[in-house]
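Asker: Quick check, what structure comes out for this input:
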Amino acid sequence: MKKTWLAATVIAATASTAFGGEIERRGDPSMILFEKGKNYLEFSAATVDPSVSGVARPGVPTAPTGNIQNRYQSFAGGYKHELNDKISLAFVIDEPVGASVNYRTPPAALGGAFFGGSNADVSSVAFTALAKYKATERFSIYGGLRYVGLSGNITVISPATLGSAVPAPNSPYTLNVSKDFQVGYLLGAAYEIPDIALRVALTYESKTEHDFKDNTGAGFKVELPQAFTLHAQSGIAKDTLLFGSVKWREWSKFAVQPGDFFSVATGVPVNVPIASGPSDIWTYELGIGRRFTENWSGALILGYEKDEGDVVGNLSGKDGYFSYGLAATYETEAWEITAGVKYFEIGDANSNVTAFSNSDAIAIGTKVAFRF
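Answerer: So this is what the prediction gives:
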């Protein structure tokens, strides 16, 4: 029985439409090493359309936020080559994290939301070089290096923060930082029983610490935190695959805190993070894939992140989710195309001034792959 459809369906329906973690957009890139074929080339794209909105909490006399999350696109590509029966190499380009937030209402001083007029954009790119060594028919180890670039720009306007050009409430605080590149690494091991399409793989991704400067020229760091991902799959009947993953990422280490950003919520200026991760996050996915014909297969995928009950940032507005995904793959010997869609039911969340509720997102992704 051909197994190439299994990985194709799983990857296109999950990693290509991520909306998890704090600013997570892509999953573990190392799974390309397990694609079949001496040479394997893939390209993927996704569009995610979130709707995250809230109203002022009791005692905060400001307007509703409207949708604060922008639609965004994500792209990735990868190539794998088998040097011999034991060693495989791969190279992946993707956008591992990102954010696009925009409070479209006027500032609070003009009758809008508490953070009306605020916006933030975070972009990234990662170049990952990977290698896998197949020690036995069932056991392999893999790893590689990642060269990760991170940049962003932000404008914060609120009665509780001070502007950068004019240090007074309701005046804009702005910061633009160019892309900073840092090196991280991945390590992993896998156990496989090919006859039943069983594979269990554990991947560790190291943190990267990025160096930036605030408007005064003083330096500050932003950490993209470490992560562990456990992947598992197994055939459970003829042409039927059960698969899933569990990911832990240390998002409590994530904070954007330039030294010249101050809150006056307590009556005196206090340096606080513009954005931060209040908790580490566990992400779960479980799915079932089915081959219908020689060329067609599909999958159903469920996802979950626990609502931690944290006080979230005003540039986030989300706390946990349930997701429901469908994917379909058409495959030939030389190429395949996969399309997937996911719906995210985003958990209600409270910031210090806003109650976010009834939020959701829809993601559409596609992947084209070639074997030669």
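
Asker: what residues are up against Y191?
Answerer: By CB atoms under 8 Å, 6 or more residues apart in numbering, the residues touching Y191 are R138, F139, L198, R199, V200, A201. Placement of C-beta: from N, CA and C, glycine included.

Asker: Now intersect those residues with the helices, please.
Answerer: Secondary structure from DSSP state H places none of the contacts of Y191 in helices.

Asker: Any chance of a ChimeraX selection covering the buried ones in these?
Answerer: With 16 or more other CB atoms under 10 Å as the criterion, this ChimeraX line picks the buried residues out of the contacts of Y191:
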select :198,199,201
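
Asker: Out of the contacts of Y191, which is nearest to F114?
Answerer: Using CB to CB, A201 is the member of these that lies nearest F114, at 44.7 Å.

Asker: Give the bridge partners for the closest one, please.
Answerer: For A201, the beta-bridge partners are A190, H231 (DSSP bridges).

Asker: Give me the local confidence score for it.
Answerer: On the pLDDT scale, A201 is placed at 98.

Asker: For it, give its distance to I364.
Answerer: Between A201 and I364 the computed distance is 27 Å (CB to CB, to the nearest Å).

Asker: Same question for F43.
Answerer: Applying CB to CB to F43 and I364 gives a distance of 15 Å.

Asker: Let me see the mean pLDDT of stretch 258-271.
Answerer: Over the span of stretch 258-271, the pLDDT mean works out to 92.

Asker: List the buried residues in that stretch.
Answerer: Going by neighbour count (16+ other CB under 10 Å), the buried part of stretch 258-271 is P258, D260, F261, F262, S263, V264, A265.

Asker: May I have the secondary structure class of the first one?
Answerer: Classification of P258 using DSSP: H, G, I helix; E, B strand; the rest coil returns coil.

Asker: Disregarding flanking residues, what is the spatial nearest neighbour of it?
Answerer: For P258, ignoring the flanking residues on the chain, the nearest one in space by CB to CB, 6 or more residues apart in numbering is D214 at 3.6 Å.

Asker: Contact partners for that neighbour?
Answerer: D214 sits next to L175, F220, P258, G259, D260, F261 when contact means CB under 8 Å, 6+ apart.

Asker: Pick out the most distant pair among those.
Answerer: Once CB to CB is applied, those give L175 and G259 as the farthest pair, at 10.8 Å.

Asker: residue contacts, D310?
Answerer: P278, S279, D319, A349 are the contacts of D310 under CB under 8 Å, 6+ apart.

Asker: Got phi/psi on it?
Answerer: Main-chain dihedrals, D310, degrees, to the nearest 10: phi -80, psi 160.

Asker: Next one: it relative to E24, how far apart?
Answerer: Per CB to CB, D310 is found 16 Å from E24.

Asker: Quick check: which ranges of the stretch 151-300 of the chain have low pLDDT?
Answerer: For the stretch 151-300 of the chain, applying pLDDT under 70 flags no range at all.
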